[in-house]
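> Sequence and predicted structure, then a few things I'm wondering about:
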Amino acid sequence: MSSKQLLTEYFALCDGGVCPDYLTEGEKKKMSEGISFYMTGKIQEADALNGNGRVYPKDILVREMKNYQKLIDTRRALGELDHPDSSVIELKNCSHLVTEVWWEGNSVMGKIEVLNTPSGRTLRALAESACGIGISSRGLGSVKQRGKHVVVEDDFNLICFDVVSDPSAPGAFIKPMRAGMLQKTPTIGISLGEQRRNENLHMLMNEILRK
C-alpha cells in the first residue's frame with residue numbers, strides 16, 4: 001500500500017489498572033482544590049505489533065514526538081473525546097490537552113489535562129466513575145507489508161491523541177486518583193469510588209466508637 005490513510009491506534013492509559021504517580025506537587029494541589037484534573041499513562045509504542053496489526057518503527061515515532069512537542073510547548077496539543085474518522089481536530093469536541101510526553105524504553109508516555117469543556121466534563125465524569133478509558137493516536141500515513149507484519153512508512157504524520165473507550169489491551173484501564181490521597185499515603189491506583197467507600201467506612205466506625 002502506498003497511498004496515505006488515517007491510522008489510529010488504541011492504548012489503555014494505565015497498564016493493569018495501576019497508574020504511577022507522575023504528578024508534580026503543583027498539579028496535585030490543583031487536583032486537590034478541584035481546579036484541574038490530570039490523567040497519565042502509555043499513549044504509543046514503537047517496534048511492537050499493536051492491536052491493529054501494525055508496527056511503528058521507533059525512528060519514525062521519535063521524529064513525530066519531537067514535532068508533537070512543539071504543539072505541547074504552545075498548548076495546542078489538543079485531543080477529542082472518541083475517535084472521529086477525520087484528520088481534522090474539531091475544537092468543539094476537544095476534551096483534553098496533552099501537557100507532557102516522554103519515552104520509557106519503547107513506550108511513549110504522556111500526561112493529559114482534562115479541559116473544562118462539554119466533552120472534557122464528560123471525560124472527567126467518566127474517569128471519576130472509574131469507567132475504563134483508553135487513549136488513541138491519530139495520524140496520516142501509508143503502510144507496507146514487510147514479511148509477516150504491516151509496517152508504518154516514513155511518510156507518517158502524527159495528528160493528535162484522542163481519548164476512547166476501546167483500548168487495545170483488554171483489562172488495562174485507568175483508575176483515577178485524588179491528589180489529596182496521594183499526598184497522604186504511598187498507595188497508588190485506587191479508584192475514586194473505592195476511596196470514598198473507605199472514607200465512609202472510616203466515618204461510620206468513628207460514629208460507632210463515639211456511642
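It's in. Numbering: from 1, shown residues only.
> Report the residue spans of this structure with pLDDT below the cut-off.
By pLDDT under 70, the weakly predicted segments of the chain are 1-2, 8-20, 166-211.
> top strand in it by residue count?
strand 94-104 (DSSP state E).
> helix or strand right after that strand?
strand 107-114 (DSSP states H and E).
> Can I get the helix or strand that that following strand is followed by in CSV, CA atoms only?
Per DSSP H and E, strand 107-114 leads on to helix 118-128 as the next helix or strand towards the C-terminus. The C-alpha trace of helix 118-128 is given here as CSV (Å, rounded to 0.1, in the frame of the first residue of the first chain):
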residue,chain,number,x,y,z
PRO,A,118,-18.6,19.9,27.5
SER,A,119,-16.5,16.9,26.2
GLY,A,120,-13.9,17.5,29.0
ARG,A,121,-16.6,17.5,31.7
THR,A,122,-18.0,14.2,30.3
LEU,A,123,-14.5,12.7,30.3
ARG,A,124,-13.9,13.8,33.9
ALA,A,125,-17.3,12.3,35.0
LEU,A,126,-16.4,9.0,33.3
ALA,A,127,-13.0,8.9,34.9
GLU,A,128,-14.4,9.8,38.4
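> Just the buried residues of stretch 87-97, please?
Buried residues in stretch 87-97, counted by 16 or more other Cβ atoms under 10 Å: Ile89, Asn93, Cys94, Ser95, His96, Leu97. Heads up, the C-betas are built off the backbone N, CA and C, glycines and all.
> picking up where we left off before, just want the angle from the longest strand of the chain to strand 107-114.
For strand 94-104 against strand 107-114, the angle by axes from the mean of the first three to the mean of the last three Cα atoms, to 10 degrees is 150 degrees.
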